[in-house]
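Engineer: Provide a 3D model corresponding to the input given below.
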Amino acid sequence: MYTTQMLKFTRHFTFWSDQENFILLPEADEFKKDSIMRWDNEFQAQYSKIGRKIDSGVATCDLEDEIKDAGCELIYSIRRLDLSIADYLPLGVEFTNGHFYSLSNELEIGWHFDWENKYKK
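Structural biologist: You can find the predicted model right below:
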């Protein structure tokens, strides 16, 4: 289901921006920037306690259960978002979710506290 949502969003977004020129490049860039900022806000909110524990010397591996729980909460909060491109194209929840899954698949965002070190290498 999640892969289907990602592929549906990607297919439609590509069609809207590349073939129909319905979405202009600056709008697409702003949409992506805004989406990542929204994800980052949620990421920081979900992982703030874990970040403080790590800053105080607790090893990341000792917090893995808490990290998994926070990651699930992050996904749940992101799934409730309903984005729009510019002011004229509301996506709805299914396409919004597909967009975030696509960003995750492209390693633009992640769900684990240490996602960049775990997956971007």
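Engineer: please pull out the lowest mean pLDDT helix or strand from this structure.
Structural biologist: Within the chain, no helix or strand scores below strand 89-90, which has a mean of 87 by mean pLDDT, DSSP states H and E.
Engineer: elements contacting the helix or strand following that strand?
Structural biologist: Next along the chain after strand 89-90, taking DSSP states H and E as the criterion, comes helix 92-105. Applying 3 or more Cβ pairs under 8 Å, 6 or more residues apart in numbering; DSSP states H and E, we find helix 92-105 packed against helix 2-14, helix 25-55, helix 64-79. Bear in mind the C-beta positions are built from the backbone N, C-alpha and C, glycine included.
Engineer: to V93, which of those helices lies closest?
Structural biologist: When the helices and strands packed on helix 92-105 are compared by Cβ to Cβ, helix 64-79 sits nearest V93, at 7.3 Å.
Engineer: which other residues reach the following helix or strand past that closest one?
Structural biologist: Next helix or strand after helix 64-79 toward the C-terminus (DSSP H and E): strand 84-85. For strand 84-85, contacts defined as Cβ atoms under 8 Å, 6 or more residues apart in numbering pick out I23, E27, A28, F31, P90, L91.
Engineer: which residue is the nearest non-sequential neighbour of the third one?
Structural biologist: It stands for A28. S17 (5.4 Å; Cβ to Cβ, 6 or more residues apart in numbering).
Engineer: A helix includes that neighbour, no?
Structural biologist: Yes. Judged by DSSP: H, G, I helix; E, B strand; the rest coil, S17 forms part of a helix.
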